[in-house]
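K.L.:
build me a model:
(one chain, ligands or ions: 1)
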Amino acid sequence: MTADHPTPDAAHRPLAGRVAVVTGASRGAGRGIAQELGAAGATVYVTGRSTRARPADTYGQLLALSELASLPGTIDDTADEVTRLGGRGIAAACDHTKEDEVAALFARVEREQGQLDLLVNNAWGGHETFTGVFEAPFWEHPLSNWDSMFDRGVRNHLVASRCAAPLMVKRKQGLIVTTTFWNRDHYLRGNLFYDLAKASMTRLAFGIAQELQPHGVASVAVSPGWMRTEFVLAGHKTDEAHWQERPALARTESPRYLGRAVAALAGDAQVLDKTGQVLRVADLARAYGFIDIDGRQVEAFEL
Ligand SMILES: NC(=O)c1ccc[n+]([C@@H]2O[C@H](COP(=O)([O-])OP(=O)(O)OC[C@H]3O[C@@H](n4cnc5c(N)ncnc54)[C@H](O)[C@@H]3O)[C@@H](O)[C@H]2O)c1
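P.N.:
I've put the predicted structure just below:
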């Protein structure tokens, strides 16, 4: 165990026997979520395109920006961490834009486990066309940003949910979590495409909830604050060991804070009461009583 504050419930592994799929988990939010599900004892299918045999997903135009070109992380690395932390990590290569690969992934889960308790919709291609400019009037953002956020963001989640839903409906239980960003319906000025993509994800989680509720399956959107992902840290030319030297990162939280929120929801027998809602990690931290890995209970990221 590192000096990190441990997951509060790690001692009794509340998610032992549960099966989860976390999409886009080679790094970023997905990695943090997979780690915390592992610490809670779950079996976690860690999906993404980067494997040790084919490392480092390309970040599209970011390849031109040398600092961000080669971010660390593969699905094999994350799966190993899941197992080290107390769960069972299974690396499953999958490009979530490809329907046949997604269908094969869920067929594999059913064949190997006979159940699926949790899908975390998280694979996000939105950073892959990032040009270094996040805030600009909508007429100046290139349409390639729209494509990466919708075709490799929102659509990913719909495709995965279509495959996961029948497995959950069959057993009349399960939870679909969609990661998003939400700030009390405030408009995210400066990036209309991002604002629309996040609103679409939040609405997707809501619509899925309406259709799955009669079958005993829950769906929620979960919003972290600003996370110290590998992408964010590289953009500030620092790493997790040194981020406190960067005042600009003072309001950030670790991706594992979000992971603790997802693990708490997955372990909540009354989670159906929350179906259809968009939930902020900071609010869930207070409600469930968890903290971030540095011991803080980070406040919600208000714009
Ligand atoms: N980073 C933040 O501070 C922050 C804050 C609030 C919300 N969010 C949201 O969290 C979600 C995840 O973002 P992130 O910051 O972890 O992004 P990230 O770019 O760090 O990670 C995204 C992951 O998805 C994978 N991925 C992308 N396209 C894929 C595909 N087609 N198939 C399989 N895997 C694919 C990437 O390889 C990577 O592992 C997004 O919806 C983002 O908007 C992020």
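
K.L.:
hey, let's count contacts and neighbours off CA atoms from now on
P.N.:
OK.

K.L.:
what's the neighbour count on the nearest residue to Ile75 once chain neighbours are set aside?
P.N.:
Once flanking residues are discounted, Ile75 sits nearest to Ser26: 4.4 Å by CA to CA, 6 or more residues apart in numbering. Applying other CA atoms under 10 Å, we find 30 other residues in the vicinity of Ser26.

K.L.:
read off the pLDDT value for Ser26.
P.N.:
Looking at Ser26, its pLDDT is 95.

K.L.:
measure it to Arg203 for me?
P.N.:
26 Å (CA to CA, to the nearest Å).

K.L.:
give the contact list for the residue nearest to Ile75.
P.N.:
Contact analysis of Ser26 by CA atoms under 8 Å, 6 or more residues apart in numbering lists 46-50, 73-78.

K.L.:
does it sit in a helix, a strand or a coil?
P.N.:
Three-state call for Ser26 (DSSP: H, G, I helix; E, B strand; the rest coil): coil.

K.L.:
give me the next element, helix or strand, following the lowest-mean-pLDDT helix or strand in the chain.
P.N.:
With mean pLDDT, DSSP states H and E as the measure, the helix or strand of the chain carrying the lowest mean pLDDT is helix 66-69 (a mean of 50). Downstream of helix 66-69, the next assigned helix or strand under DSSP states H and E is helix 75-84.

K.L.:
past that next one, which element shows up next along the chain?
P.N.:
Heading C-terminal from helix 75-84, the first helix or strand you meet, by DSSP H and E, is strand 88-93.

K.L.:
now do that following strand and helix 75-84, the angle between them.
P.N.:
Note on geometry: by axes from the mean of the first three to the mean of the last three CA atoms, to 10 degrees, strand 88-93 and helix 75-84 are set 170 degrees apart in direction.

K.L.:
before we move on, the earlier item: TSV for the contacts of Ser26, including pLDDT and neighbour count?
P.N.:
Listed next are the contacts of Ser26 as TSV, based on pLDDT from 0 to 100; neighbours: other CA atoms under 10 Å:
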residue	pLDDT	neighbour count
Val46	98	31
Thr47	98	32
Gly48	95	24
Arg49	92	20
Ser50	87	26
Gly73	89	20
Thr74	93	27
Ile75	96	30
Asp76	96	24
Asp77	96	20
Thr78	97	27
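
K.L.:
what's the following helix or strand after the longest helix along the chain?
P.N.:
Longest helix of the chain, by residue count under DSSP state H: helix 192-212. Tracing the chain C-terminally past helix 192-212 and defining elements by DSSP H and E, one meets strand 218-223 next.

K.L.:
for that next one, what is the distance to the chain centroid?
P.N.:
11 Å (CA atoms, centre = their mean, to the nearest Å).
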